[in-house]
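Student: output the structure for:
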Amino acid sequence: MASPFYFHIPYQSDCQVRRERLQDPRGISYNVVVIVQHHRLFVTAADKAYSVSCFYRDTQTNLEKQLEIG
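Tutor: Have a look, this model is predicted:
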């Protein structure tokens, strides 16, 4: 490929993005398979499939506040 190309896949879409909440490490994992096909009907030897994954760590924060009820 001579030049890079860019595309956007929304997390909540019809593109079969798999979402999984994990406990250890705590966070959310996303995974989607992207198929780069050079012809819209025929499969060629130059076609590629990529498994794209990303992980967003959930940083747990404790919040404390004193309240006076009178």
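
Student: got the contact list for whatever helix or strand residue 21 lives in?
Tutor: Following DSSP states H and E, one finds residue 21 within strand 18-23. Residues outside strand 18-23 that contact it (Cβ atoms under 8 Å, 6 or more residues apart in numbering) are 11, 27, 28, 29, 30, 31, 32, 55. Any C-beta I mention is one placed from the backbone N, CA and C, and that applies to glycine too.

Student: what pairs with that strand, and is each one parallel or antiparallel?
Tutor: strand 26-36 (antiparallel) (DSSP bridges).

Student: identify each buried residue in the strand it pairs with, please.
Tutor: residue 32 (16 or more other Cβ atoms under 10 Å).

Student: and stretch 37-47, how far apart are its ends?
Tutor: 5 Å (Cα to Cα, to the nearest Å).

Student: show me how far that stretch is from its chain's centre.
Tutor: How far stretch 37-47 lies from its chain's middle: 25 Å, per Cα atoms, centre = their mean, to the nearest Å.

Student: averaged pLDDT, it. What do you get?
Tutor: Confidence for stretch 37-47, expressed as mean pLDDT, is 90.

Student: pipe the contacts of strand 18-23 into JSON lines and attach pLDDT and distance to residue 40 per row.
Tutor: Below are the contacts of strand 18-23 laid out as JSON lines (pLDDT from 0 to 100; distance: Cβ to Cβ, whole Å):
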{"residue": "11", "pLDDT": "72", "distance to residue 40": "26"}
{"residue": "27", "pLDDT": "93", "distance to residue 40": "37"}
{"residue": "28", "pLDDT": "93", "distance to residue 40": "33"}
{"residue": "29", "pLDDT": "94", "distance to residue 40": "31"}
{"residue": "30", "pLDDT": "91", "distance to residue 40": "27"}
{"residue": "31", "pLDDT": "93", "distance to residue 40": "25"}
{"residue": "32", "pLDDT": "90", "distance to residue 40": "20"}
{"residue": "55", "pLDDT": "94", "distance to residue 40": "33"}
